[in-house]
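Asker: Sequence and predicted model, in that order:
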Amino acid sequence: MPQVNHERLAGRFARPEAFLGGLDVATAAQLVASSADVVLLLDEKGVICDMSLGNEDLHGKGCESWLGKRWQQTVTVESQGKVDDMLREAADGHAGAKWRHINHPSTNGADLPLAYAVVPLAARTKAKGGRPVVALGRDLRAQAALQQRLVSAQVSMERDYWRLRHVETRYRLLFQMMSEAVLVLDADTERLEEANPAAHQLFGDGIERANWSFIDSLLAGSRSQAQELLTKLRATGRADPVNIELQGHTGLVSLSGSLFRHENVSQLLLRVTPQAAQGGQADPHRDRLSQVMEMAPDAFVVTDFDGRVLSANRAFLDLAQLPNEELARGETLDKWLGRTGVDLSVLLSNLRQRGVVRLYATHLKSEYGGNAEVEISAVAVPQGEPPCMGFTIRDVGRRLGSDVLLAKDLPRSADQMTELVGRVPLRDIVRETTDLIEQLCINAALQLTGDNRASAAEMLGLSRQSLYVKLRRFGMSDSGGTDSDA
């Protein structure tokens, strides 16, 4: 067995003449053509005199048109300098062990990426100042596609990251501004993880101690009830609210909670609400009904006959992202409904005529830009003192229809548009239909251009400024697109 020379393996053959010296032209040509996806034979001036395509996938990409042209004329502008350098190195006698990335324009619009190495075929011609060379090319399309997928995945991850940052910012703001005391406890140790400013005010400075215990902050008679609530939360994730008493605080407070998991750790979210003193003999059934409406998962709002908010439950405040009820009182419900000036007018008109409205579909806007798809059922109580109207608002954004909706689907289908007939004036339906078509076209343009807004504006025949105005109008300005002309 012959001795292997590892130094030779890293460079040239040790004895090529022993095996390749007797090759005829046809065999040598077949050997060269089989060694690469593209083989170009160039004369002393760099003109492509002959070529071979070893990869069938390259047929029909415009490669056949390269014959008779200078190599530089067949590549993109940014690759012409690389071609000049490779030909100059070959003319100086450097064998092409160095592979360079070259892009060719393609007939389908996308550049054809190839990696080339050049090898001189004869001695340098003094008269013409060059050498005939052979250029060996490797197809890089699979590698380029993989790189593009990697870039797309990175862009998607960055969008998700910033979306989560925005959600976390909104959560922090809501958590800090809530008027109710909110505590986050470790489910296993009951150690305090986090508390909002209202909790610090209710429980005092002692809450800052490392060994502070929620149970120890209660009066002795309330500890068993609170401990039972925590035990039920750990076991089932749900528990009925209980009334307890705190040390250093006069009067009862309502304790409710829920269980959630964060980063594979179970935590308890507790809400502590002081009960307002009530005069006279209270009806326990009415009190229970009020508590149920306050704790209901659906938003509930009571307004006067002009639509001004008199009271709202916690679910509505959460949906509208309001820190407390005082910010909602006195405002018209129209402030949060999707179609300003239309939805509330239709609801009030039907309530005054019929007394009841069921399953009215619209959108509810929050204070911080959120937009939730909702259904509204309402009732008029003209005998009340004062007369009032009650609105039940249910978030149906997570409800699955017969067809699964994509993340970028538009808010209304054609069927949903026709359902508005009789409840919304025709001019408003036409305007919303026009908006729907504009959103469809803008979404399509952004998808085709990879969220490049400059290219999308040119595709739609709009100026950039007009496109930005429409993006802000439709709530699409935070889509994470780029403004580059590239």
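Answerer: That came through fine. Everything numeric here is computed off the predicted structure, so don't read it as measured data.
Asker: Please name the residues that touch the residue nearest to residue 47 when sequence neighbours are not counted.
Answerer: Distance criterion C-beta to C-beta, 6 or more residues apart in numbering; nearest residue to residue 47, sequence neighbours excluded, is residue 70 at 5.4 Å. C-beta coordinates here come from the backbone N, C-alpha and C atoms, glycine included. Listed by C-beta atoms under 8 Å, 6 or more residues apart in numbering, the contact set of residue 70 reads 45, 46, 47, 48.
Asker: Residue 70 and residue 85, how far apart?
Answerer: Here the criterion is C-beta to C-beta, to the nearest Å. By it, residue 70 lies 15 Å from residue 85.
Asker: Residue 432 too?
Answerer: Separation of residue 432 from residue 85 (C-beta to C-beta): 60 Å.
Asker: how about the strands in the stretch 1-150 of the chain?
Answerer: 38-42, 48-53, 100-104, 112-120, 133-139 (DSSP state E, counting those that start in this stretch).
Asker: okay, the spatially most central residue of the chain: pLDDT?
Answerer: The structure's the chain has its C-alpha centroid closest to residue 160; by C-alpha atoms, centre = their mean the separation is 4.7 Å. pLDDT for residue 160: 87.
Asker: May I have the secondary structure class of it?
Answerer: helix (DSSP: H, G, I helix; E, B strand; the rest coil).
Asker: What of the one 4 residues further on?
Answerer: For residue 164, the reduced secondary structure class is helix; criterion used: three-state DSSP.
Asker: beta partners of the nearest residue to residue 306 once chain neighbours are set aside?
Answerer: Distance criterion C-beta to C-beta, 6+ apart; nearest residue to residue 306, sequence neighbours excluded, is residue 332 at 7.3 Å. For residue 332, the beta-bridge partners under DSSP bridges are residue 308.
Asker: still on that earlier bit, ok, the residue nearest to the centre of the chain to residue 307 distance?
Answerer: 39 Å.
Asker: how much space between the residue nearest to the centre of the chain and residue 312?
Answerer: 33 Å.
Asker: and residue 53, what does it touch?
Answerer: 37, 38, 59, 63.
Asker: Just the buried subset of these, written out for ChimeraX, thanks.
Answerer: A single ChimeraX command selects the buried members of those (16 or more other C-beta atoms under 10 Å):
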select :37,38,63
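Asker: In JSON lines, list the contacts of residue 53 along with pLDDT and distance to residue 464.
Answerer: Converted to JSON lines, the contacts of residue 53 look like this (pLDDT from 0 to 100; distance: C-beta to C-beta, whole Å):
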{"residue": "37", "pLDDT": "86", "distance to residue 464": "41"}
{"residue": "38", "pLDDT": "90", "distance to residue 464": "41"}
{"residue": "59", "pLDDT": "77", "distance to residue 464": "41"}
{"residue": "63", "pLDDT": "82", "distance to residue 464": "38"}
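Asker: Pick out whichever of the contacts of residue 53 sits closest to residue 77.
Answerer: Distances from residue 77 to the contacts of residue 53, taken as C-beta to C-beta, are shortest for residue 63 (18.8 Å).
Asker: and the gap between the closest residue in space to that closest one that isn't next to it in sequence and residue 38?
Answerer: Leaving aside its sequence neighbours, residue 63 sits nearest to residue 53 (C-beta to C-beta, 6+ apart; 6.1 Å). Distance, residue 53 to residue 38, using C-beta to C-beta: 6 Å.
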